[in-house]
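Undergrad: How does the following fold in three dimensions:
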Amino acid sequence: DGSNDVFRVIGPEFYNFSMQIFNRWGEMIFETNDNNEGWDGTWRNKPAGQGVYTYVVEGQAVSGEDVTFGGNVTLVR
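TA: Residues are numbered from 1 along each chain as shown. Purely as a prediction, here's the structure:
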């Protein structure tokens, strides 16, 4: 439907940015170093299954502060 089709970080630019998405078995299924890029809910070029995925974001803020945060995102189809 075009709403919430991509999971991405929205906010200030980061230096040395990385975002990783993991499935429930801890397998990394997505990684990017571009904070304008997001996860579109696919894995190996196929739609990932509905469920809860874990994300980890790391980078350096413009202020020079190291930033690390993460959480869960629920994929609903």
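Undergrad: Report whether the expected contact of residue 28 with residue 39 is present.
TA: No - look at residue 28 against residue 39 with C-beta atoms under 8 Å: they stay out of range, at 11.2 Å. Using the backbone N, CA and C atoms, a C-beta is placed for each residue, glycine as well.
Undergrad: Which phi and psi values does the residue of the chain positioned farthest from its centre adopt?
TA: If you look at how far each residue of the chain sits from its centre, by C-alpha atoms, centre = their mean, the farthest one is residue 63, at 22.3 Å. With angles defined as degrees, to the nearest 10, residue 63 sits at phi -70, psi -10.
Undergrad: now swap in the one 5 residues further on and tell me
TA: Backbone dihedrals for residue 68, given as degrees, to the nearest 10, come out at phi -140, psi 130.
Undergrad: What's opposite the nearest residue to it once chain neighbours are set aside in the beta bridge?
TA: The shortest distance from residue 68 to any non-neighbouring residue, by C-beta to C-beta, 6 or more residues apart in numbering, is to residue 58 (4.9 Å). Beta bridges link residue 58 to residue 18, residue 68, judged by DSSP bridges.
Undergrad: Name all residues that make contact with residue 58.
TA: Going by C-beta atoms under 8 Å, 6 or more residues apart in numbering, residue 58 touches 16, 17, 18, 19, 66, 67, 68.
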